[in-house]
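Participant: Just need the structure, nothing else, for what follows:
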Amino acid sequence: MAQQALRDVTSDQDFEEQQLRVDLAAAFRLTAMNDWHEGIANHFSLAVSKDAKTFLINPRWVHFSRIKASDLLLLDVEDETTMDRPDAPDPSAWCIHGQIHAALPHARCLLHTHMPYATALACLKNPEILPIDQNTARFYNRVSYDMGFGGIADNKEEGDRIASMLGNRSVMMMGNHGVLIASNSVAEAFDDMYYLEKACKTLMLAYSTGQELSVLSDDVAEQTASQWEDYADNMKQAHFSQMKAILDEQDPSYKH
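Facilitator: A predicted model of the protein is given here:
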């Protein structure tokens, strides 16, 4: 009986990990579909253990549009031999994602991209997401801003610094760099990433007119952000499920 129970637990864990692999693989494909990728660069990760110290991440130098569930690496933040593996991850991936997963267990899914409009905004002297419509207001007072870019992150100290800058926020604008999304699940993180890029696109297009922005009042911006929090809780999983359904129709190979 005890052996059967152990096999059942192991089977359940394997099934859960496979579902997490499928979701993360879908996020890579959808990012490529929306042209938010950097080819074989940038990294997404997803915790599989309760303490978030064991996580999945994309293999080194594989294009986002080709990543499958079975391709994802399973890493442990406490494994000091990780970078000696024959399939070692990209050093910057290990530096950033490993240190954040080690320090911030609430950040179970991490999506780091150089999305066009979000990155363009991050390259301005003031990268603040000003609330000028309901999408930009979604992020009002809910974003961390890291203006300490010092080159490609490739050491533990930089990973620790980035983790400390993110703190308990789910979105971080990385000055002169890109963005980092941290959430409890792939569905939540993808939805945040989707609306972040839409918000930044709207703001950058408004800036491009050269006219003065019509910025919402603090009260209206906060009210809208709070409304988003109530509304999006029911929407994020549905949004991601619909996007996976589109992938299934076009190319279900991400599941393999």
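Participant: Could I get the full set of strands for this structure?
Facilitator: In the chain, the segments counted as strands under DSSP state E are 43-47, 54-57, 73-76, 109-113, 143-146, 171-174, 178-183.
Participant: Name the residues that touch the second one?
Facilitator: Strand 54-57 has contacts (C-beta atoms under 8 Å, 6 or more residues apart in numbering) with 17, 20-21, 24, 43-49, 72-77, 89, 93, 97, 101. Every C-beta, even on glycine, is put in place using the N, C-alpha and C of the backbone.
Participant: same check, this time on stretch 151-164
Facilitator: With C-beta under 8 Å, 6+ apart as the criterion, stretch 151-164 contacts 91-92, 95-96, 98-100, 102-104, 146, 148, 150, 172, 174, 180.
Participant: which of the residues you listed count as buried?
Facilitator: The neighbour count (16 or more other C-beta atoms under 10 Å) marks 92, 95-96, 98-100, 102-104, 146, 172, 174, 180 as buried among the contacts of stretch 151-164.
Participant: Which two among those are spaced furthest apart?
Facilitator: Of all pairs drawn from the buried ones among the contacts of stretch 151-164, the greatest distance, 19.1 Å, lies between Ala102 and Met174 (C-beta to C-beta).
Participant: Hmm, Ser170 is touching Val179, no?
Facilitator: No: Ser170 is not in contact with Val179 according to C-beta atoms under 8 Å; the separation is 11.1 Å.
Participant: Show me which of those two is the more surrounded one.
Facilitator: Taking other C-beta atoms under 10 Å, Ser170 and Val179 do not tie; Val179 has more neighbours (25 against 21).
Participant: quick one: that one from Tyr254, how far?
Facilitator: For Val179, the distance to Tyr254 (C-beta to C-beta, to the nearest Å) stands at 23 Å.
Participant: The strands of the chain: which one's closest to Gln237?
Facilitator: Of those, nearest to Gln237 by C-beta to C-beta is strand 178-183, at 11.7 Å.
Participant: Report the buried members of the contacts of strand 54-57.
Facilitator: Neighbour counting by 16+ other C-beta under 10 Å classes 17, 20-21, 24, 43-48, 72-73, 75, 77, 89, 93, 97, 101 among those as buried.
Participant: Now do the helices in the stretch 1-150 of the chain.
Facilitator: With DSSP state H, counting those that start in this stretch, the ranges of helices along the stretch 1-150 of the chain come out as 2-33, 91-103, 116-122, 134-137.
Participant: who touches the second one?
Facilitator: Just to be clear, that refers to helix 91-103. The contact list for helix 91-103 (C-beta under 8 Å, 6+ apart) reads 43, 45, 47, 52-53, 55, 57-58, 60, 75, 77-78, 82-83, 88, 107, 110, 112, 152-156, 158-160, 162-164, 166, 180, 182.
Participant: from the chain's centre, how far out does it sit?
Facilitator: Its chain's C-alpha centre and that of helix 91-103 lie 13 Å apart, by C-alpha atoms, centre = their mean, to the nearest Å.
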